[in-house]
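Engineer: just the structure for this:
(chains A, B, C and D, ligands or ions: 6)
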Amino acid sequence: MVDLSVKIGKTVLKTPVIGASGCSGWGVELSKYNDFKKIGGFVTKSITLKKKVGNETPRIKEVYGGILNSIGLENNGVDYFIENILPKIKNFKCVKFLNLAPFSRDDLVNMIEYLDRHQGFDGYEINISCPNITNKKINFNSNFADSKKLLKNIRGLTEKTLLLKLSPSYSESFEIAKFAESEGFDGISFTNTYIGTSVDIEKREFVFKNVQAGFSGPAIKPLSLFNVYKMVKSVKIPVIGIGGITTLDDLLEFLIVGATAVQVGSGVLIKPDILEELSIGLERYMKSKRIKSVKEIIGSIKERL
Amino acid sequence: MVDLSVKIGKTVLKTPVIGASGCSGWGVELSKYNDFKKIGGFVTKSITLKKKVGNETPRIKEVYGGILNSIGLENNGVDYFIENILPKIKNFKCVKFLNLAPFSRDDLVNMIEYLDRHQGFDGYEINISCPNITNKKINFNSNFADSKKLLKNIRGLTEKTLLLKLSPSYSESFEIAKFAESEGFDGISFTNTYIGTSVDIEKREFVFKNVQAGFSGPAIKPLSLFNVYKMVKSVKIPVIGIGGITTLDDLLEFLIVGATAVQVGSGVLIKPDILEELSIGLERYMKSKRIKSVKEIIGSIKERL
Amino acid sequence: MIEKVLNKIFLTENVFVLEISKSFKENILPGQFGSIKTDLKDKILRRPFTIVNDGNRSLTFLIKIVGDSTENISQLKKGDHVDILYPLGKGFEKDIDYRKTLFVGGGIGLAAIIPFLKGKKCYNLIFGDREGEYKNVLKYFSLKGLYCSEKNGKIKGYPTDFLNRYDFDTVIGCGPKEMLKSIKKYCVKNEKRFYAIYEEIMGCGIGLCNGCAVKMEDGDFVKLCTEGPILDGNRIIYG
Amino acid sequence: MIEKVLNKIFLTENVFVLEISKSFKENILPGQFGSIKTDLKDKILRRPFTIVNDGNRSLTFLIKIVGDSTENISQLKKGDHVDILYPLGKGFEKDIDYRKTLFVGGGIGLAAIIPFLKGKKCYNLIFGDREGEYKNVLKYFSLKGLYCSEKNGKIKGYPTDFLNRYDFDTVIGCGPKEMLKSIKKYCVKNEKRFYAIYEEIMGCGIGLCNGCAVKMEDGDFVKLCTEGPILDGNRIIYG
Ligand SMILES: Cc1cc2nc3c(=O)[nH]c(=O)nc-3n(C[C@H](O)[C@H](O)[C@H](O)COP(=O)(O)OP(=O)(O)OC[C@H]3O[C@@H](n4cnc5c(N)ncnc54)[C@H](O)[C@@H]3O)c2cc1C
Ligand SMILES: Cc1cc2nc3c(=O)[nH]c(=O)nc-3n(C[C@H](O)[C@H](O)[C@H](O)COP(=O)(O)OP(=O)(O)OC[C@H]3O[C@@H](n4cnc5c(N)ncnc54)[C@H](O)[C@@H]3O)c2cc1C
Ligand SMILES: Cc1cc2nc3c(=O)[nH]c(=O)nc-3n(C[C@H](O)[C@H](O)[C@H](O)COP(=O)(O)O)c2cc1C
Ligand SMILES: Cc1cc2nc3c(=O)[nH]c(=O)nc-3n(C[C@H](O)[C@H](O)[C@H](O)COP(=O)(O)O)c2cc1C
Ligand code: FES
Ligand code: FES
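Structural biologist: Ligands and ions are numbered 1, 2, ... in the order given. Okay, the predicted model is just below:
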């Protein structure tokens, strides 16, 4: 038998394939298309302290090779999640991370304190890198000092696995990742979407009311592959590689440069059973190459020094 | 008749469509595929002071929706250019910019002093943003102070049109652009390629010896469109929009967000007559919409304040 | 889910009927749709199409060519494979009093109305056909109703100009946003119920992405793909 | 340049002959190639293929399916359009003393040799056919020579094992890099001339991008697409 399992903090995932936040809904829809016993897990849609109405439409636009999205973290807040959604996903057989999108340090502390009293999930992915929130003040990822204040002593609030999700658009991300490592975070989810835009030529207007939107999908894979390699070189804690993964080759490339696991976002929107398909594909590849454990692949890149 | 002409510094281009550096060779090959009287112009391959041998092969790899390249500024140096190439391109009927890739301030000063004694070209595009030169010391674009030292008082060396080519990978690019504006540069060419990579799964090696390579083509258009919009907001001098332009719609999007002209790179490698085709396409579009001058399109985006 | 093309008939220059095999046994309710992924490599998202007829061994779609994907689908031949997720969306389960209900269709929006009229003898239908292209479509599905068109055709005008000719308490309508907007105005003023079969660009089509949000009057957003596509037309804020 | 498919014949399971119309009047020299852009939306670069025969109203190619673009080209039907730039590359203009010249082909590399042998009665040809798939290809182009294959076939071994059977002063060879490498070793040792028809991944194919560089012994790089594809095989450093 081949061993596809990977460990991040206290969490052991059966396979390194995870559904990315915002593209996995609350897992309920996803469970109809994937056998949860055969995938690593998924990350929930971003949860904010209070209910958050999303951005104006259009929120999504297909462009050559990818998707521009400006959803705006639409969700019903942490209380609604605890009452209506957690009960439904508690018994899902795969790993579940809750993505938290704080607008202040208090938000973050309150959310973790509310949630940590409950069971049925494996940890938190703190999202400080949403490109669709125009209020600059709370764009932590772009400012090292703000991020430090936000993340200081968060570790002490929970025993559960703690991940930090970062954006590729700010060089500060690498410093912030090192700080999170020193604060005891268990892993870095890298990257969130890239900042792009689109123009409606007839109307001479930006397609999105916020002008900018998050760009994702196969078109950005070479960018994320390099970013993830750079992040693997910057921190010792596990890095979860994200960005344009839709095929087995993509998955292998990210593992080879050193990602401990990967997240698939846009890929799930196109093919909702892709998480199971990639896990099975990886298993077949390892059998055909007589690779006993996925750890033999992770970071197996021959460095040219 | 519709007026497609645009002005950058002292240079008037018949159309806003320019062949990008590195994808237009020395113009000689390009002249076989485009009627030079019907295009804006082209930028030559990067010229270095002394002959520069390019990187090891492979130097180019097609990926989903784009091209990764690690050419490494291969050229025969400024003397060879003056003796063997300039004579051949002097009488081409379109605008010609010489792209200079200095490894030091002396390089830049010497090159301009050699070249400025000659006629047959319209100006210089200073390239401080090549991602395929691994020697960090000369990666000016990543360091504001180094760039300032490099660009200080260059303006005085030439009356010809002076452009600065910048990379999207460094937030410093916007500060450097403002400094160039204050130093009297005539325009900003934005963006150079994005940094990406690719892995050979069987060999467990990076495809490119330098690990990183320049990513270009349709896949990165939404990123460049936003970057160019941000640059237009940062400087008053003309911005030449570059990045993934292959269709008339792409060209119109860049003009609408405020680019005075555009450069086409990868698009030329696919369709060498694209410069003429886009110029004719723009003319037809303007006639059908009864737009008399391209200036009515440039920056016509309705801003949402 | 991979299904097979059974039949394809062009009714007009750019509107065609597509029939594909049906492997799932679930029966399909009016309003439910399928979401097709073409093999165009540069098109990422699936495209949604109303299931016009559930022939329990086959599914029928009525598709108008408006862009690359619909163009690609129009070139499928018998036996070709179709990558489709179905049935999606919430089906219409309320009973309909056909004597008191007015169906209003505009252009290709007619596709969403057809499932309601299957096998029905008498119903009230107003159909707006801007360029007068849909005559064969009505004939093919043997639909009868007040046929109006701006350009040619006996009765000139928009569908909404003829609402007052009918005595009804409910409208079920599908078509361009301007048409739905003026139906809403009429129904709110005259206190009529209005079910709108709405169209908005979709991402996943199965409730994962929040990309298909439709703004309702209380400022809230509703997911078109899982809570729709049939929504309360009187509360939609038409963008 | 848009040409039309005139004829397509499969000679083996994945090797086919493609004949397209020729609108340019220029005559084609051995070694010159055409560069085809398929309509696969996610494939950016053109693919180069040797012009195997210049029939002054048509061009012939011999193509082996190795990936998406060659697969796509193999599905073209009569009358379909082909987006192709030609003639590219520097043609071989030296005259050849066929008695003193040895042609060596490996696998699909044979395609680059064929133009040299057109209409020639006697020539020396060694052809290496690793999996023994090319018999029909040799027959189709009525080529005769020493046919060797590692697996089946009478004569076992690599083409380069049989060089010493011939008396020659020049080799013209095309095939996998290992084969070219061992031909170079032999030719340098025995002071023979060696023209290698080299293959490397190309960008533009017309001298714009410097992407097709081939490293030569003096450390310099040579552009395969404009200065090749026929190069001095004794000076190439085979990657
Ligand atoms: C619930 C639902 C049911 C539908 N049922 C049908 C049907 O039965 N028959 C049918 O022909 N079409 C139907 N549509 C519309 C169909 O999905 C679009 O025509 C299709 O997505 C266009 O894809 P394309 O690639 O050909 O065009 P694109 O290149 O994607 O776009 C071409 C043009 O069509 C517009 N467009 C694209 N997608 C949509 C959309 N979802 N809604 C409205 N305009 C759009 C674009 O703005 C653009 O102007 C339905 C849409 C929804 C949301
Ligand atoms: C000057 C020249 C002449 C050629 N003439 C012929 C010919 O007459 N008949 C023929 O069948 N092929 C010929 N080739 C090779 C042909 O260009 C490649 O087979 C084709 O580009 C593969 O495209 P693809 O998308 O099908 O495969 P891809 O998906 O691009 O690649 C599939 C595999 O083929 C390899 N490959 C791709 N391009 C090349 C290349 N240019 N050279 C070597 N390996 C490559 C890749 O590394 C990969 O392993 C020639 C190449 C050159 C440079
Ligand atoms: C429609 C959509 C919604 C998303 N919402 C979130 C979100 O709420 N929180 C978050 O951290 N990332 C969000 N993302 C980013 C993805 O998690 C992922 O980081 C990004 O899309 C890159 O991966 P991909 O190319 O596989 O999609 C969203 C992406 C998309 C396409
Ligand atoms: C093969 C190749 C070689 C290039 N060489 C140079 C160069 O020498 N100097 C330079 O300033 N930019 C160079 N570029 C960058 C292009 O000028 C352009 O900025 C970039 O490719 C983005 O535009 P595109 O998407 O239209 O290609 C090169 C690009 C490619 C693809
Ligand atoms: S389209 Fe994704 S949630 Fe409705
Ligand atoms: S392939 Fe572009 S220069 Fe040879």
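
Engineer: how about low-confidence regions in chain C?
Structural biologist: For chain C, applying pLDDT under 70 flags the ranges C:151-153.

Engineer: leaving out chain neighbours, which residue sits closest to the residue in it positioned nearest to chain B?
Structural biologist: Chain C approaches chain B most closely through residue C:42 (7.1 Å), counting by C-beta to the nearest C-beta. C-beta coordinates here come from the backbone N, C-alpha and C atoms, glycine included. Nearest non-adjacent residue to residue C:42, counting by C-beta to C-beta, 6 or more residues apart in numbering or on different chains: residue D:41, 3.7 Å away.

Engineer: mind listing what that neighbour touches?
Structural biologist: Residue D:41 is in contact with C:40, C:41, C:42, counting by C-beta atoms under 8 Å, 6 or more residues apart in numbering or on different chains.

Engineer: I'd say the last one and residue D:42 touch.
Structural biologist: Yes: under the criterion of C-beta atoms under 8 Å, residue C:42 lies in contact with residue D:42, with a separation of 5.8 Å.

Engineer: ramachandran coordinates for the nearest residue to residue C:14 once chain neighbours are set aside?
Structural biologist: Spatially, and ignoring its direct neighbours in sequence, residue C:14 is nearest to residue C:65 (4.1 Å; C-beta to C-beta, 6+ apart). In terms of degrees, to the nearest 10, the main-chain angles of residue C:65 are phi -80, psi 110.

Engineer: please report how far residue C:65 lies from residue C:9.
Structural biologist: Going from residue C:65 to residue C:9 by C-beta to C-beta, to the nearest Å gives 14 Å.

Engineer: could you do residue A:66 as well?
Structural biologist: 35 Å.

Engineer: so which residues of the stretch 51-200 of chain A form helices?
Structural biologist: Assignment of helices within the stretch 51-200 of chain A using DSSP state H, counting those that start in this stretch yields the ranges A:77-80, A:86-89, A:105-116, A:144-151, A:172-182.

Engineer: now do the third one, average pLDDT.
Structural biologist: Okay, so that is helix A:105-116. What helix A:105-116 shows for mean pLDDT is 96.

Engineer: quick revisit: more neighbours: residue A:66 and residue C:9, which one.
Structural biologist: Higher neighbour count among residue A:66 and residue C:9: residue A:66, with 30 against 10, using other C-beta atoms under 10 Å in any protein chain shown.

Engineer: confidence score at the closest residue to that one other than its chain neighbours?
Structural biologist: Leaving out its chain neighbours, the residue that sits closest to residue A:66 by C-beta to C-beta, 6+ apart is residue A:217, at 3.2 Å. Looking at residue A:217, its pLDDT is 97.

Engineer: got it, and residue A:228?
Structural biologist: pLDDT, residue A:228: 98.

Engineer: my read: it touches residue A:254, true?
Structural biologist: Yes: contact criterion C-beta under 8 Å: residue A:228 and residue A:254 qualify, at 6.0 Å.

Engineer: higher neighbour count, these two?
Structural biologist: Neighbour count, other C-beta under 10 Å: between residue A:228 and residue A:254, residue A:254 has more, with 29 against 26.

Engineer: could you give the number of residues near the nearest residue to residue A:76 once chain neighbours are set aside?
Structural biologist: If the residues on either side of it in the chain are set aside, residue A:76 comes closest to residue A:51, at 4.9 Å by C-beta to C-beta, 6+ apart. For residue A:51, the count of nearby residues is 13 (other C-beta under 10 Å).

Engineer: how is whichever residue of the stretch 101-250 of chain A sits closest to ligand 2 assigned, secondary-structure-wise?
Structural biologist: Closest approach between the stretch 101-250 of chain A and ligand 2, counting by C-beta to the nearest ligand atom: residue A:249, at 11.9 Å. Judged by DSSP: H, G, I helix; E, B strand; the rest coil, the three-state class of residue A:249 is helix.

Engineer: contacts only, for it.
Structural biologist: Contact partners of residue A:249, counting by C-beta under 8 Å, 6+ apart, are residue B:201.

Engineer: same check on the one 5 residues further on?
Structural biologist: Contacts here follow C-beta under 8 Å, 6+ apart; on that basis residue A:254 touches A:224, A:225, A:228, A:241, A:245, A:262.

Engineer: on that earlier part again, so how far is ligand 3 from the residue of the stretch 101-250 of chain A closest to ligand 2?
Structural biologist: With distances taken as C-beta to the nearest ligand atom, to the nearest Å, residue A:249 is found 14 Å from ligand 3.

Engineer: just the element for the residue sitting furthest away from the middle of chain A, please.
Structural biologist: Ranked by distance from the centre of chain A (C-alpha atoms, centre = their mean), the top residue is residue A:202, with 35.6 Å. Using DSSP states H and E, residue A:202 maps to neither a helix nor a strand.

Engineer: for residue B:218, see how far away it is.
Structural biologist: For residue A:202, the distance to residue B:218 - C-beta to C-beta - is 21 Å.

Engineer: residue C:37 now?
Structural biologist: Residue C:37 is 20 Å from residue B:218, by C-beta to C-beta.

Engineer: can you count the residues close to the residue nearest to residue A:66?
Structural biologist: Residues lying near residue A:217 (other C-beta under 10 Å) number 29.

Engineer: isn't it up against residue A:244?
Structural biologist: Yes: using C-beta under 8 Å, residue A:217 is in contact with residue A:244, at 5.8 Å.
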